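A.B. asks: Starting from these lines, generate the structure:
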Amino acid sequence: MLKLFQVYDSPFPTRVRLLLLAKNIPHQIIEPPGFKWDGTPKGDYFEINPIGRVPALVLEDGRALPESEVICEYLEDAYPEPSLRPADPFERATMRLISRICDIYLVMAMVPLFNASGRPRKSWDPDRLAAAMGEIAKALAYLEEYIGTQGYAVGASLTQADGALVPQLVLASEWAPMVFGLDDPLPAFPKLSAYWTAIQTDPLAGQLIAETREGIRASRERAKARNG
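C.D. replies: Model prediction:
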């Protein structure tokens, strides 16, 4: 059985879980140490993934792969049916473009908020928080240009782009406004807002969204206990 080392409040493993579930691939989920901001070292996890991040996928023969995009490409090649890559070359490129915007622009825009959330509230800089939300809005504007209009990120069915996008919209539209008391940036983008409403009705996407929300809730509880 494949082993997926991951945590639920990180957006990156979500795209891997989408493929595992959609392709009905037997797997075990393991939460490695060192990802709960409690000072616990990652320890032996470095032997599985020397980069020290999540996710990592351990194959049945013991070989391990890090990095979510690489893992997804492996799963598509090793388990080709059903495919979560569009058949049309342009749509396939658009799928990868949306994932890339998520990884390079949206996640990086949220890094100052991730960092702030791990510190006591009294240390937060309102100007830096507002600037980060501005960068998030820029990234969402890029996605607005390319997001699909048939209820999915690309085309009329789930693709890898949905796995990349849905957890990041939970973070950008729900987590960040809730934690920092800022306005939700999503309503300014009608196509992206329509996508967000529609994708939550897909059973697999809905499951991933629920798992992300629960992971965030648990992470917030730990942060409250830690910071008071």
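A.B. asks: Return the set of buried residues in stretch 94-112.
C.D. replies: Neighbour-count burial for stretch 94-112 flags 94-99, 101-103, 105-107, 109-110, 112 (criterion: 16 or more other CB atoms under 10 Å). Glycine gets a C-beta too; all of them are placed from N, C-alpha and C.
A.B. asks: So what touches that stretch?
C.D. replies: Under the criterion CB atoms under 8 Å, 6 or more residues apart in numbering, residues 11, 15, 69, 85-86, 128-129, 131-132, 135-136, 138-140, 142-143, 146-147, 153-154, 159-161, 164-165, 168, 171-172, 176 lie in contact with stretch 94-112.
A.B. asks: For PyMOL, what selects the buried ones among those residues?
C.D. replies: One line in PyMOL is enough to select the buried ones among the contacts of stretch 94-112; burial here means 16+ other CB under 10 Å:
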select buried, resi 11+15+69+85+86+129+132+135+136+139+140+142+143+146+147+153+154+159+160+161+164+165+168+171+172+176
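A.B. asks: Tell me which entries of the contacts of stretch 94-112 lie within helices.
C.D. replies: 15, 69, 128-129, 131-132, 135-136, 138-140, 142-143, 146, 160-161, 164-165, 168, 176 (DSSP state H).
A.B. asks: roughly how far apart are Gln150 and Ile199?
C.D. replies: From Gln150 across to Ile199, the span is 11 Å (CB to CB, to the nearest Å).
A.B. asks: where along the chain do the strands fall?
C.D. replies: 2-5, 27-30, 56-58, 64-66 (DSSP state E).
A.B. asks: residue ranges with poor pLDDT in the protein?
C.D. replies: Confidence mapping of the chain against pLDDT under 70 gives the ranges 226-228.
A.B. asks: let's see it at 90
C.D. replies: 36-40, 117-121, 219-228 (pLDDT under 90).
A.B. asks: Pull the number of nearby residues for the residue nearest to Tyr8 when sequence neighbours are not counted.
C.D. replies: Leaving aside its chain neighbours, Tyr8 sits nearest to Gly215 (2.8 Å; criterion: CB to CB, 6 or more residues apart in numbering). Neighbourhood size, Gly215 [other CB atoms under 10 Å]: 21.
A.B. asks: cool, and the one 5 residues further on?
C.D. replies: Close neighbours of Arg220, defined as other CB under 10 Å, add up to 15.
A.B. asks: ok, so what distance separates the residue nearest to it when sequence neighbours are not counted from Gln6?
C.D. replies: Spatial nearest neighbour of Arg220, excluding adjacent residues (CB to CB, 6+ apart): Val179 at 7.2 Å. Distance of Val179 to Gln6, computed by CB to CB: 22 Å.
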